[in-house]
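Asker: need a structure here:
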Amino acid sequence: MKKTVVFIVLFLLCYTINYSQNLIKGTVVDSNSENALPNVSVRIKNTIITSKTTLNGVFEIKNLTDGNFILEVKFRGYETQNFPIELNGQPIDLGIILFYKDYTEQQDLSVITITDDELSNDASAADNISGLLQASKDIFLRSAAFEFSSSFFRIKGLDSGNGKVLMNGIEMNKIYDGRAQWSNWGGLNDVLRNQEFSNGLAPSNFTFGGILGSTNMNTRASQQRPGTRISYSSSNRSYVHRAMATHTMGLSKKGWAMTFSGSRRVGKEGFNEGTSYNSYALFTSIEKKFNESHSINFTGIFTPNRRGKSSPNTQEVFDLKGIEYNEYWGVLNDKKINSRIKEVAEPILMLNHYWAVSENATLQTNISYQFGKIGNSRLDFNGGSNPSPTYYQKLPSYFLRNNDLSGAYTSQENFVNNGQIDWNQIFDANNTTANADLNNAYILYEDRNDDKQITVNTIYNSEINNHIAVNGKLEYKRFRSENFAQVIDLLGGNGYLDINNFADTEAEKQNDVLNPNRIVGVGDRFKYNFNLSSDLMKAFAQVQFKYNKVDFFLAANVSQIINKREGLYKNGRFENTSFGTSEEISFTNYGVKAGGTYKINGRNLIDANVGYLTQAPTLRNSFSNSRENNNIVDDLQREKMFSAALSYIRRSPIITARATAYYTSIKDATEISFYFGDGIGGDNTAFVQEILSGIEKKQLGLELGLEAQVTSTIKLKGAAAIGRFTYANNPDLYLTSDVTNEGIFDENGRSGNYTSNLKNYKISAGPHQAYSVGFEYRDPDYWWVGATTNFFRNTYVDIAPLTRSSNFYTDSDGLTFSNYDVEIARKLVQQEKFDNYKVVNLVGGKSWKIDGYYISAFATINNLLNTKYKSGGFEQGRNANYNELKADKSLNKPVFGNKYWYGRGATYFMNLSISF
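Answerer: Modelled structure (predicted):
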């Protein structure tokens, strides 16, 4: 027994000595300056073991088991290096590791193809996923970001709010609508390249994420690439000119690192007429590293921007004026003035504390404060006629409907020769009323959201051993938002009467009965005025396991959100429900997900992920008409989401490929729409809010991506997305309005308990099928050229739910229309499918190194063949019943036809940069 004990003790002692002697160390320096590089990432592949270099560029990894490993050394802006390591009880010193600048980063196609307008465009509800994906190296996702994005393609047919965007561990998605406001950091490309992307339900060290995944942008100064970069860009997409400069001072001996960046983007007009662009961007990141355990980083971002919007139009309008046409502008004093300007100015201040608790554990604590305004301008005209040049009574179709051929010809001539807002007529009308001591006929105002948001969180990461890591996060977010309309310009008048002319009685006309018949001027709030508030608390926990043959993880989160509205005006149409504080809307949500990767061998992998989560409805979809009252959506439910994906991945020196099958189910979703409808409850007309609730959606399909390095210089690539996105049930529908309309709407402005027969209709989510084939040639002399041909199919218009309900066929007496024909009705409500189309893109450029200066020039041409295609659109809800829609569609040119967005024609983007 004693011999056995002695043997075990000696064995364990020898093992411990051997285990402790397994050590890897080295020093990383810049190959040109030979200066030490701090904060370089060092990790053992296929394990959770990671480290960072110190101020002196030194790294040291201790307590490793025997075996063969690959050591990866990686730093942004430099070539990644891999070292095969054999551990057998002896320390390994790699000595000085020379790190070489990565010239190919100058050739990153992500810099080329994505421009800021594609991340903040209003078309297709501003729903673009390209920004979320630009950090991914996955061939399919990069194709989706850089080839498919101009067609408003959606990954897996999902809204971009299902992807979470973080900055230094703080989520940037807006509480109001769940989406990221990309313009909050637009024009700062140079300093936002350091990103970590998690695809779909894959694990992230920073967040539970959404079913589309997450991107964390790291602005830490010590991890920015040291040096200076100056660039100039020119384009005809949104802005015309962009100048940008960035300077980073690497970590000094005293522990300071700083990064500064600024840019200017400007253009009188982009591809669409009258779409002016004016934007600045400022960035600073300052880090103080106190010792190897503690550092603090401050980040400040301010990107004020103004841009002119472009309008969706009917086919009649496009046929007359072309796809560049935009109804929102007119000429004033020989300048194109856009009436619809979006202005965003929301500074971000962020403080991050990084604490290396131990050799294997870190704690990151963050606080962020964001404030500012978002304004969307437009004309109001309670004393004049509609100034829109595409108002239906000004177009030829209106006169043709009434068999007035002379009127149709005249209106067509007027529209073709002018067809823009008549600013002079507006000023003349206001001058006339002012001289008669009357109120304005027109004003220019903006819908404003002034938000303030504080976020505090702490993120814990720990490596339990070589194979197990745990992650956790606690977060609190406080959101306060002032929402109001504000007068920008009286347009030559004296004052504007703050009433709703469409209301039935004098009392109901008052937007605020506490201040009746108020005359407002520049800077005054009017129409509506209310506050929204949210308080969100959430927690996230995750455990990851990594072994030679299999990796897997488990994650869970829980959150609680409380939302409220506070009305500051007592609206004359809703005196009992508009003023004061609403009821609290509270939801507790949770999510669980798990996944694993089985490594068949070093080049072939099987990956599977599955998750179930709930989320509260956004503030936007919680109140039926937040501008006028406190009414909460009936039977408001949290959304339930289930998602699963199975992938095969191939990684070899020649072939890189991924094939993924996915399925997603969404239940109890809520959507709110606003429109003016004819045929409400039979033959009534009203401006309504349409509340669709209990919506179920189903998304399933395949994602395929392939790259083949056929020679050292030529790479072939291809991608395919084959999806089917449909409504999976017949959701509930009701309407609200601020007009009584002969009893159709009750005292709370509510009407109808409809069922909208949407099951099996297609979801308008861009092309359901997209394909890309192309090549890249990269010459050893650092010039390159590439081309892709992209094919798009199965794009559908967004349907009007009310026309798929009993309101469509029911007369005012509650009976079916006497002339109702089922076959005709079926054709009337058939969903429009857009034509298939093809887009060819080209890219090319060259890089030089001259005496320590890196110069890069490149250019792209998108849509080389100038293909005209519809990228999105929606049915107008104006024709709400059978007779109205039938009469309109019987015309060669419907008066209220579908409205569309067209993709841009041939566009270019050029860039010249110098780095040193």
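Asker: when you work out contacts or count neighbours from here on, use the C-alpha atoms and nothing else.
Answerer: Will do.
Asker: and the helix or strand encompassing Phe83, what's buried?
Answerer: Counting by DSSP states H and E, the element that carries Phe83 is strand 81-87. Of all the residues in strand 81-87, those buried under the rule 16 or more other CA atoms under 10 Å are Leu87.
Asker: for Ala145, give me phi and psi.
Answerer: With angles defined as degrees, to the nearest 10, Ala145 sits at phi -80, psi -40.
Asker: if we can go back for a sec, and the strand holding Phe83, which strands flank it?
Answerer: Within its sheet, strand 81-87 is paired with strand 67-74 (antiparallel), according to DSSP bridges.
Asker: hmm, who's touching the strand it pairs with?
Answerer: With contact meaning CA atoms under 8 Å, 6 or more residues apart in numbering, strand 67-74 is reached by 40-45, 80-88.
Asker: what residue ranges in this protein are flagged as low confidence?
Answerer: For the chain, the stretches flagged by pLDDT under 70 are 1-21, 32-33, 102-136, 682-683, 740-744, 747-748.
Asker: can you map out the helices along it?
Answerer: 2-21, 109-113, 117-120, 130-133, 139-146, 315-321, 396-401, 405-417, 423-435, 822-828, 882-889 (DSSP state H).
Asker: from Ala644, how far out is Lys156?
Answerer: Using CA to CA, to the nearest Å, one gets 11 Å for the distance from Lys156 to Ala644.
Asker: so between the two, which is more surrounded?
Answerer: Lys156 (24 against 21; other CA atoms under 10 Å).
Asker: quick one: that one from Glu171, how far?
Answerer: 22 Å.
Asker: before we move on, what about Leu865?
Answerer: For Leu865 relative to Glu171 (CA to CA), the value is 40 Å.
Asker: next one: Glu72
Answerer: Distance from Glu72 to Glu171, by CA to CA: 29 Å.
Asker: more neighbours: the two, which one.
Answerer: Just comparing Glu72 and Glu171: by other CA under 10 Å the higher neighbour count belongs to Glu171, 22 against 16.
Asker: which residues does that one bridge with?
Answerer: Leu166.
Asker: now do the strands in the stretch 451-600 of the chain.
Answerer: 468-489, 496-497, 519-520, 525-546, 550-567, 580-581, 585-599 (DSSP state E, counting those that start in this stretch).
Asker: what touches both of Lys156 and Ala644?
Answerer: Tyr662.
Asker: and the end-to-end length of stretch 458-473?
Answerer: End to end - CA to CA - stretch 458-473 spans 6 Å.
Asker: so Gly209 makes contact with Lys164?
Answerer: Yes - Gly209 is within contact range of Lys164, at 5.7 Å (criterion: CA atoms under 8 Å).
Asker: before we move on, back to that, can you tell me which of the strands of the stretch 451-600 of the chain is most buried?
Answerer: strand 496-497 (a mean of 23; mean count of other CA atoms under 10 Å).
Asker: so what strands line up beside that one?
Answerer: strand 519-520 (antiparallel).
Asker: please state the offset of the partner strand from the chain centre?
Answerer: 37 Å (CA atoms, centre = their mean, to the nearest Å).
Asker: repeat that for stretch 477-491.
Answerer: With CA atoms, centre = their mean, you get 22 Å for stretch 477-491.
Asker: also stretch 375-393?
Answerer: Counting by CA atoms, centre = their mean, stretch 375-393 comes out at 29 Å from the chain centroid.
Asker: what do you get for stretch 652-665?
Answerer: Stretch 652-665 has its C-alpha centroid displaced from the chain centroid by 24 Å (CA atoms, centre = their mean).
Asker: for it, list every residue counted as buried.
Answerer: Buried, per 16+ other CA under 10 Å, within stretch 652-665: Ile655, Thr656, Ala657, Arg658, Ala659, Thr660, Ala661, Tyr662, Tyr663, Thr664, Ser665.
Asker: show me which of the residues you listed is closest to Asn911.
Answerer: Of all the buried residues of stretch 652-665, Thr656 has the smallest distance to Asn911: 29.4 Å, by CA to CA.
Asker: so the closest one sits against Lys715, correct?
Answerer: No - shown here, Thr656 and Lys715 do not form a contact pair, counting by CA under 8 Å, at 10.7 Å.
Asker: touching both of those two, which residues are there?
Answerer: Glu707, Ala708.
Asker: for the closest residue to Gly255 other than its chain neighbours, give its distance to Met249.
Answerer: Ranked by CA to CA, 6 or more residues apart in numbering and with sequence neighbours excluded, the top spatial neighbour of Gly255 is Lys289, at 4.6 Å. Counting by CA to CA, the gap from Lys289 to Met249 is 14 Å.
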